[in-house]
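Visitor: Predicted model, plus sequence, below.
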Amino acid sequence: MEINEKTLMKEVLVDHMRNVLSSDPDVVMLDADLAKCAGTNGLYKEFPDRCFDIGIAEANMASMAAGLSSYGFKPYISSFAPFATRRCADQIMISICYAQQNVKIIGTDPGITAELNGGTHMALEDIGMLRSIPNILIYEPTDTMEFHKALPQIHAYPYPCYIRMHRKCPALLTKESDEVNILKARMMREGTDCTIVASGVMVETALLASEELQKEGISVEVVCCHTVKPIDADTIVASAKKTGAVVTAENHNVMGALRSAVCEVLSENHPVPVESVGVKEKFGEVGKVPYLRKAMNMEVCDVVFSVKKAIARK
Amino acid sequence: MSNQNLVTLAQNIRENIVNCIGSLGVGHIGGCLSIADLLAVLYGKHMNYDPTNPQMEGRDRLVCSKGHAGPAIYAVLAEVGYFPKEVLETLNQGGTTLPSHCDMNKTPGVDMTAGSLGQGFSCSVGVALGSKIRKDNATIYAIIGDGESQEGQIWEAAMYASQAKLDNLIAFTDYNKMQLDNYISAINELHPLDKKWEAFGWKVWVVDGNDVDALDKAITEAKAHKGQPKMIIMDTIKGKGVSYVENALVGSHSMSITPELRAQGIKEIRGE
């Protein structure tokens, strides 16, 4: 498909699903009454024998997908991020992961991108819940181009995957010529004074912060860590060795996800001062993304402040 | 297999259960003994399977959603030749292929992992849907516990199996009226269980679950019935066939089996 600044993330998802449903008779798609939101409802007429809207029953959806996988199928299941993970955490753990069933889990509208659906729908703990499950891959796309390039790799990945995706249109930061490897973090900007390891909608924030800091003579390296598990320790450690200070920036509670994973890697390999930007001991609430960024201290100024603080601790 | 031979097979399964759990000294013996007759009828007469090719395509599959009845499944799998009976004595030993709860990646012949109650039944709905997509005419069997039926996921799965008209799915409830803490009726009553399943769109039979003839007849009818999923509610006795397990009542969910009790159980099963 052709990707431009107006392409929506959900259009990339649907394009991928159409491709794999067309090319592989073992692919099946399950939704839990949010197919219209993910855009996957358009596939139901094209592939009526392999797309199933099983109703508002996420636990049943996750375990059914495991059953289909045991029969040789390659199931994708989809819902809003909190319902695709938190609501059926034990089913993901036992029916899918423990039973070694290769199910792809799509969770849309993570964290503050849930916007007007508010705190009940705002998954800020989903990665933290899933990250300690063996073998699962956790991927959060940065933009449509990266997502487009990553999805075939995720499809081919031999273990369960959680795709934590913004449904709308984040800033397009990836060029068609850029290489994307789901197992490798991406160097978005090189620098020498501090590293920002960012994911999801916070990658753009990190880049904007690095431009601000450049004006003050502070050179920042930005690493896009789209895959928080398995984490690309080599890239993170190499950057920390180079800059001596790290800031993490994520659309998630700072416990359990990117900050935790980065701290685990650095503490065991190359300890440096680490500061973090993300949600700190708060539940979600309603609001548009700009309001929520402010309410959760996830704005450009928060990243700038954290970089200076990390550098001061060197 | 004649129905008299099914009675013998059920006896052998019960012996294997007592030896399997007895070798360890403790286990979920009550809910294993209660389904021995069903396993004899399924593996002795109705299921299409090949012990020399556990992954045979198009085979009938059994999901034991009440995963703690693993020893009962192992008892029948050993009896029909998936592995030697000596393996039964490795139950729950470190590195065993026979964990207390069913694990499809560890045990030849186990079709689905189960243990977190309610999930296996949803998995069986996925398996039955898979068989429908493949059009391979397999029959998918699922065993759920009565206590397990308190899990909401059972009813999520029941609703969708009916919606999808999965008439290749035949489920059994081991209705022994007891759960770990107490009688079902004292904790969270299921009655009227048959009406509940009918209301969820299933064709329902209620049979004596410790009578191979009654089970054989119900399964034969269920296989012939088309257009909806089928539930055979088995009135069973928890611990059936071994007096001290039956008499333990709600204490039989998991209990100690000393060497003396093991020997006594084998004698009773053999009618000696």
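Guide: Structure's in. What do you need? Numbers count the residues shown, from 1 in each chain, chains lettered A, B, ... in the order given.

Visitor: so A:Pro75 makes contact with A:Ser63?
Guide: No - with contact defined as CB atoms under 8 Å, A:Pro75 does not reach A:Ser63; the gap is 10.8 Å. C-beta: built from backbone N, CA, C; applies to glycine.

Visitor: which neighbours do the two share?
Guide: B:Gly126 (CB atoms under 8 Å, 6 or more residues apart in numbering or on different chains).

Visitor: More neighbours: which of these two?
Guide: Set A:Pro75 next to A:Ser63 and count neighbours by other CB atoms under 10 Å in any protein chain shown: A:Ser63 wins out with 37 against 28.

Visitor: what about that one, which helix or strand?
Guide: Take DSSP states H and E as the rule and A:Ser63 turns out to sit in helix A:58-70.

Visitor: okay, now the closest residue to A:Val286 other than its chain neighbours: neighbour count?
Guide: Of all residues beyond its chain neighbours, the one nearest A:Val286 is A:Gly118 (3.7 Å), with distances taken as CB to CB, 6 or more residues apart in numbering or on different chains. When neighbours are defined as other CB under 10 Å, A:Gly118 has 14 of them.

Visitor: For A:Gly118, which residues are in contact?
Guide: Under the criterion of CB under 8 Å, 6+ apart, the neighbours of A:Gly118 are A:284-287.

Visitor: State the distance from it to chain B.
Guide: 25 Å (CB to the nearest CB, to the nearest Å).

Visitor: Counting neighbours, what do you get for the spatially closest residue to B:Pro84 that is not a sequence neighbour?
Guide: Among residues not flanking B:Pro84 along the chain, B:Ala78 sits closest, at 6.9 Å (CB to CB, 6+ apart). Applying other CB under 10 Å, we find 23 residues neighbouring B:Ala78.

Visitor: Settle this for me: B:Ala78 is touching B:Thr90, isn't it.
Guide: No - B:Ala78 is not in contact with B:Thr90 according to CB under 8 Å; the separation is 11.1 Å.

Visitor: mind checking the SS state of the residue of the stretch 101-250 of chain B found nearest chain A?
Guide: Closest residue of the stretch 101-250 of chain B to chain A, CB to the nearest CB: B:Gly126 (2.4 Å). Per DSSP: H, G, I helix; E, B strand; the rest coil, the local secondary structure of B:Gly126 is helix.

Visitor: Pull the number of nearby residues for A:Asp126.
Guide: 26.

Visitor: How about the contacts made by it?
Guide: When contacts are counted by CB under 8 Å, 6+ apart, A:Asp126 touches A:81-82, A:84-86, A:107, A:110, A:162, A:164, A:252.

Visitor: where exactly do the strands run in chain B?
Guide: Remark: strands assigned in chain B by DSSP state E are B:26-27, B:61-64, B:140-145, B:169-175, B:203-208, B:230-235, B:255-256.

Visitor: again, but for the stretch 151-300 of chain A
Guide: Per DSSP state E, counting those that start in this stretch, the stretch 151-300 of chain A carries strands over the ranges A:161-165, A:186-189, A:194-198, A:220-224, A:227-229, A:246-253, A:274-279.

Visitor: at contact distance from chain B, anything in stretch A:18-35?
Guide: Yes - Stretch A:18-35 comes into contact with chain B (CB under 8 Å from any CB of the partner chain), by way of A:Val28.

Visitor: who touches that stretch?
Guide: Residues from elsewhere that reach stretch A:18-35 (CB under 8 Å, 6+ apart): A:17, A:38, A:40-41, A:43-44, A:46-47, A:50-58, A:61, A:64-65, A:68, A:72-80, A:83, A:108, A:152, A:155, B:133.

Visitor: Which positions within that stretch qualify as buried?
Guide: A:18, A:20-21, A:26-32, A:34-35 (16 or more other CB atoms under 10 Å in any protein chain shown).

Visitor: now swap in stretch A:72-82 and tell me
Guide: Applying 16+ other CB under 10 Å to stretch A:72-82 flags A:73-82 as buried.

Visitor: Show me what from the stretch 101-250 of chain B comes close to chain A.
Guide: Applying CB under 8 Å from any CB, we find that the stretch 101-250 of chain B lies next to chain A at B:103-105, B:111-113, B:115-116, B:118-131, B:133-134, B:152-153, B:156-157, B:159-160, B:163-164.

Visitor: Give the full set of residues in contact with the residue nearest the centre of chain A.
Guide: Centroid-nearest residue in chain A: A:Glu140, 1.6 Å away (criterion: CA atoms, centre = their mean). By CB under 8 Å, 6+ apart, the residues touching A:Glu140 are A:110, A:127, A:163-165, A:199-200, A:226-228, A:251.

Visitor: Might one say that A:Val203 is in contact with A:Thr142?
Guide: Yes - with contact defined as CB under 8 Å, A:Val203 and A:Thr142 form a contacting pair (4.9 Å).

Visitor: intersection of neighbour lists for these two?
Guide: Listed as contacting both A:Val203 and A:Thr142 by CB under 8 Å, 6+ apart are A:173, A:224.

Visitor: Compare neighbour counts for those two and give me the winner.
Guide: With other CB under 10 Å as the criterion, A:Val203 and A:Thr142 differ in neighbour count, and A:Val203 comes out ahead with 31 against 27.

Visitor: where does the stretch 1-150 of chain A come near chain B, residue by residue?
Guide: By CB under 8 Å from any CB, the residues of the stretch 1-150 of chain A that approach chain B are A:28, A:49-50, A:52, A:54-55, A:57, A:59-60, A:62-73, A:75, A:90-91, A:93-95, A:98-100.

Visitor: Going through those residues, which ones are buried?
Guide: The neighbour count (16+ other CB under 10 Å) marks A:28, A:50, A:52, A:54, A:57, A:59-60, A:62-71, A:73, A:75, A:90-91, A:93-95, A:98-100 as buried among the residues of the stretch 1-150 of chain A next to chain B.

Visitor: quick one, phi/psi of the closest residue to A:Thr192 other than its chain neighbours?
Guide: Distance criterion CB to CB, 6+ apart; nearest residue to A:Thr192, sequence neighbours excluded, is A:Ser219 at 4.5 Å. Dihedral pair for A:Ser219: phi -100, psi 120, per degrees, to the nearest 10.
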